[in-house]
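Peer 1: my questions concern the predicted model and sequence given below.
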Amino acid sequence: MADVAAPLRRWSYASVSDKIADIVLARRASWPWVVAFLISMIGTVAFVGAIGWLFLRGIGIWGVNIPTAWGFAIANFVWWIGIGHAGTFISAILLLLRQTWRTSINRFAEAMTLFAAGIAGIFPILHLGRPWFFYWLVPYPNVMELWPQWRSALVWDIFAISTYLIVSLLFWYIGLVPDLATLRDRAGTRARQVVYGLLALGWRGEARHWARFETVYLLLAGLATPLVVSVHSVVSLDFAIAIVPGYHSTVFPPYFVAGALFSGFAMVLTLAIPLRHFFRLHDFITDRHLENAAKILLACGWIVAYGYFIETFTAFYSGDEFEIAMVKDRLLGFYGPVYWTVLACNIVVPQILWWRAARRSAWTLLAVSLVVNLGMWLERVMIVVQSMHHDFMPSAWGNFIPTAWDWITFFGSIAFFAFLFLLFVRALPAISIFEMRELVLEEKKS
Amino acid sequence: MSLYGVMAEFGGAEALLAAAREAHESGYGDIEAYSPFPIEGLPEATGFRRNWIPAIVLAGGLAGGIGGYLMQWYSAVLSYPINSGGKPPHSWPEFIPVTFELTVLVAAIAGVVGMLALNGLPRLYHPVFNVREFDLASRNRFFLCLRHADAQCARDFLRGLEPLGIWDVPV
């Protein structure tokens, strides 16, 4: 890993702190940021408006109906929560494996996780017929004397998602506290001193505090690690424990987790490359970082490919006529083009990453990651929609056609994500400052 | 003027670590060392003995896991038994996901709350912030603070360690 940190030889504790802190404190908003921010804000308004209209009129404004009762909302949920996985993978698993190259990308990857998981959490509420009763999934003392149904995957889901959100938030915030103290001590204006001061909780960097901090940070990483595997496994159980052909499959948990990491690393690259370009962070986010992420992308892509293969194989191997009919419909039916696009995006295009030159070219990586993002979203739509539109009874078959509100809600959620991320890079340090100082120290020693 | 302690600034992580060790060996009981990043060995050099965090996290995890399981058992077996697909009321394999999630959740919350509580945070005001140069403790400077010692002795002792500067920290 020596050559990852090698550019840090030019940096000192002070300069590395100032460089990252000043992105927030001193740098004026550049026009690309302002333009992007305005566009994302318009999209966010559209997102909020679409949700408001949905709450007023009900889910009839979407294209969902019987048999396809789950449409974009659930596909978006699965897609967003999957994107969240890479952040936890980078910050927790790579921390435990002592991969120091993670340091410069973990902070914004965690922020990405938090925003993606938060947006994901909105969709299951939106898809409810009576969204104002969503809290009935939570056990609380109530006059109805009712309890949640513990044998339901939907109840597991709300526990998995809320645990994931809360643990990701704690992990992210605790890691931020020392850096918030840096911003507090460096802030030029009173307002910033007060805001960052409150958020920093009075952190002073005392040796005993650091000892407890490091222990809890490491333990949180250890706790978050099984979460990476469990969250999307539980999400996949929403499907896998149903008997619908195309849902009912034992390969789903690992297949969903691999897909989650696949789309998550694609999103990390989608965010890292512009971030590094616009804020000139080439010494911190090196080509080596991007190359490592690309390799993980390639590996996850093959696990996903295996998932596609084994699903099709199992359908024919089982001899079950409904499973076989479902696969034939997937390949050649109404949604056939979606399936072939998924294969092209998720299996064919990423193979370019076998070439070192492609892995080293930031713009090629950005293009591949955008294609993978699209492919993974289509895959989620395919799983959710195509399986339901063609189940046991021919009389019950029907097609789902998304309406304008489906599209506005989907694109609006992307805009909201961009909005949050653009705010984040201007308000909080996008790279962990204190961990970069540690890297500088190690570079000095070596 | 009553003093919180006497503070000295050092040039780097190694110098601070050496100074803290020397102060500890010279019998200063209440030493605080401040650095912009965690330094290996420094907590021990300031007399840090027992790290309770792992025990707190374990306790939180056990409480969450056992409590979560008991909650499901109580509700599904005693309080509100319903027949779902012919499964027994105490269908434990299906209680595992929620038990697992609550184990992780309560352990994580206990760890973070425990860390903050033991560190005495949040504490927005602290006497050491009165030293102007201390602003740089979160950037690139290293500080040692000796407390509950005779101020003049502490100053003389710190001067012997060749620091970059010495300040009195008012309460």
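Peer 2: Looks like it arrived, so ask away.

Peer 1: which of the residues in stretch A:223-239 are buried?
Peer 2: A:223-225, A:227-239 (16 or more other CB atoms under 10 Å in any protein chain shown). Where C-beta positions appear, they are placed from N, C-alpha and C, glycine not excepted.

Peer 1: what does stretch B:115-123 give?
Peer 2: The neighbour-count check on stretch B:115-123 (16+ other CB under 10 Å) flags B:115-116, B:118-119, B:121 as buried.

Peer 1: what about the nearest residue to residue B:58 once chain neighbours are set aside, neighbour count?
Peer 2: Spatial nearest neighbour of residue B:58, chain neighbours left out: residue B:107 (7.5 Å); criterion: CB to CB, 6 or more residues apart in numbering or on different chains. Residues near residue B:107, counting by other CB atoms under 10 Å in any protein chain shown, number 25.

Peer 1: the helix or strand containing residue B:107 - contacts with which helices or strands?
Peer 2: Per DSSP states H and E, residue B:107 falls inside helix B:96-118. Under the contact criterion of 3 or more CB pairs under 8 Å, 6 or more residues apart in numbering or on different chains; DSSP states H and E, helix B:96-118 touches helix A:153-186, helix A:207-240, helix B:53-73.

Peer 1: mean pLDDT added to those, as TSV?
Peer 2: As requested, those are exported to TSV (pLDDT from 0 to 100):
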stretch	mean pLDDT
helix A:153-186	91
helix A:207-240	90
helix B:53-73	95
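
Peer 1: mind putting these in JSON lines, distance to residue A:82 included?
Peer 2: Formatted as JSON lines, the helices and strands packed on helix B:96-118 follow (distance: least, CB to CB, whole Å):
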{"stretch": "helix A:153-186", "distance to residue A:82": "12"}
{"stretch": "helix A:207-240", "distance to residue A:82": "6"}
{"stretch": "helix B:53-73", "distance to residue A:82": "26"}
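
Peer 1: closest one to residue A:25 among those helices?
Peer 2: Ranking those by their distance to residue A:25 (criterion: CB to CB) puts helix A:153-186 first, at 6.1 Å.

Peer 1: circling back: now do the residue nearest to residue B:58, the pLDDT please.
Peer 2: Looking at residue B:107, its pLDDT is 96.

Peer 1: surely it is in contact with residue B:68?
Peer 2: No - checked against CB atoms under 8 Å, the pair residue B:107 and residue B:68 is beyond contact range at 11.4 Å.

Peer 1: how about the nearest residue to residue A:239 once chain neighbours are set aside, what does it touch?
Peer 2: Once flanking residues are discounted, residue A:239 sits nearest to residue A:247: 4.0 Å by CB to CB, 6+ apart. By CB atoms under 8 Å, 6 or more residues apart in numbering or on different chains, the residues touching residue A:247 are A:239-240, A:383, A:387.

Peer 1: repeat the analysis, applying 7 Å as the threshold.
Peer 2: Shown in contact with residue A:247 (CB atoms under 7 Å, 6 or more residues apart in numbering or on different chains): A:239-240, A:387.

Peer 1: also residue A:433?
Peer 2: Contacts for residue A:433 (CB under 7 Å, 6+ apart) come out as A:17, A:20-21, A:179, A:182.

Peer 1: quick one, domains of chain B?
Peer 2: If you go by automatic domain parsing, the domain ranges for chain B are B:3-50+B:129-170, B:53-118.

Peer 1: which SSE is residue B:144 in?
Peer 2: Using DSSP H and E, residue B:144 falls within strand B:142-147.

Peer 1: burial measure for the closest residue to residue A:147 other than its chain neighbours, as a count.
Peer 2: Among residues not flanking residue A:147 along the chain, residue B:75 sits closest, at 3.8 Å (CB to CB, 6+ apart). Counted with other CB under 10 Å, the neighbours of residue B:75 add up to 18.

Peer 1: where does residue B:75 land on pLDDT?
Peer 2: For residue B:75, pLDDT reads 92.

Peer 1: do residue A:426 as well
Peer 2: On the pLDDT scale, residue A:426 is placed at 88.

Peer 1: between helix A:153-186 and the helix or strand it falls within, find me the angle.
Peer 2: Of the helices and strands defined by DSSP H and E, residue A:426 is found in helix A:404-427. Orientation of helix A:404-427 against helix A:153-186 (axes from the mean of the first three to the mean of the last three CA atoms, to 10 degrees) gives an angle of 30 degrees.

Peer 1: what's the following helix or strand after helix A:404-427?
Peer 2: Later in the chain than helix A:404-427, the nearest helix or strand by DSSP H and E is helix A:433-445.

Peer 1: roughly how far does residue A:192 sit from chain B?
Peer 2: As judged by CB to the nearest CB, to the nearest Å, residue A:192 and chain B stand 14 Å apart.

Peer 1: point out where the chain drops to low pLDDT.
Peer 2: The chain I'm using is chain A. Along chain A, segments meeting pLDDT under 70 span A:1-6.

Peer 1: switch to chain B, please.
Peer 2: For chain B, the ranges with pLDDT under 70 are B:1.

Peer 1: before we move on, back to that, so how far is the helix holding residue A:426 off the chain centroid?
Peer 2: 13 Å (CA atoms, centre = their mean, to the nearest Å).

Peer 1: let's see that helix as PDB, backbone CA atoms only.
Peer 2: This file holds the C-alpha atoms of helix A:404-427, laid out as PDB (Å, rounded to 0.1, in the frame of the first residue of the first chain):
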ATOM      1  CA  ALA A 404     -45.000  10.300 -15.100                       C
ATOM      2  CA  TRP A 405     -45.300  10.300 -11.300                       C
ATOM      3  CA  ASP A 406     -43.300   7.000 -11.100                       C
ATOM      4  CA  TRP A 407     -40.500   8.700 -13.100                       C
ATOM      5  CA  ILE A 408     -40.700  12.000 -11.200                       C
ATOM      6  CA  THR A 409     -40.400  10.200  -7.900                       C
ATOM      7  CA  PHE A 410     -37.400   8.100  -9.200                       C
ATOM      8  CA  PHE A 411     -35.500  11.000 -10.700                       C
ATOM      9  CA  GLY A 412     -36.500  13.200  -7.800                       C
ATOM     10  CA  SER A 413     -34.900  10.800  -5.400                       C
ATOM     11  CA  ILE A 414     -31.700  11.000  -7.400                       C
ATOM     12  CA  ALA A 415     -31.800  14.800  -7.300                       C
ATOM     13  CA  PHE A 416     -32.400  14.700  -3.500                       C
ATOM     14  CA  PHE A 417     -29.400  12.400  -3.100                       C
ATOM     15  CA  ALA A 418     -27.300  14.800  -5.200                       C
ATOM     16  CA  PHE A 419     -28.700  17.800  -3.200                       C
ATOM     17  CA  LEU A 420     -27.700  16.200   0.100                       C
ATOM     18  CA  PHE A 421     -24.300  15.200  -1.200                       C
ATOM     19  CA  LEU A 422     -23.600  18.700  -2.600                       C
ATOM     20  CA  LEU A 423     -24.500  20.200   0.800                       C
ATOM     21  CA  PHE A 424     -22.300  17.700   2.600                       C
ATOM     22  CA  VAL A 425     -19.200  18.500   0.600                       C
ATOM     23  CA  ARG A 426     -19.600  22.200   1.400                       C
ATOM     24  CA  ALA A 427     -20.500  21.900   5.000                       C
END
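
Peer 1: residues near residue A:404, how many?
Peer 2: 11.

Peer 1: what does the one 4 residues further on give?
Peer 2: Other residues near residue A:408 number 20, with proximity taken as other CB under 10 Å.

Peer 1: then the helix or strand harbouring residue B:6 to PDB, C-alphas only?
Peer 2: Assigned by DSSP H and E, residue B:6 belongs to strand B:3-10. Extracted in PDB, the C-alpha atoms of strand B:3-10 (Å, rounded to 0.1, in the frame of the first residue of the first chain):
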ATOM      1  CA  LEU B   3      -5.100  27.400  38.100                       C
ATOM      2  CA  TYR B   4      -6.500  24.500  36.200                       C
ATOM      3  CA  GLY B   5      -3.000  23.300  35.400                       C
ATOM      4  CA  VAL B   6       0.200  24.200  33.700                       C
ATOM      5  CA  MET B   7       0.400  23.500  29.900                       C
ATOM      6  CA  ALA B   8       3.400  23.000  27.600                       C
ATOM      7  CA  GLU B   9       3.600  22.600  23.900                       C
ATOM      8  CA  PHE B  10       5.700  20.100  22.100                       C
END
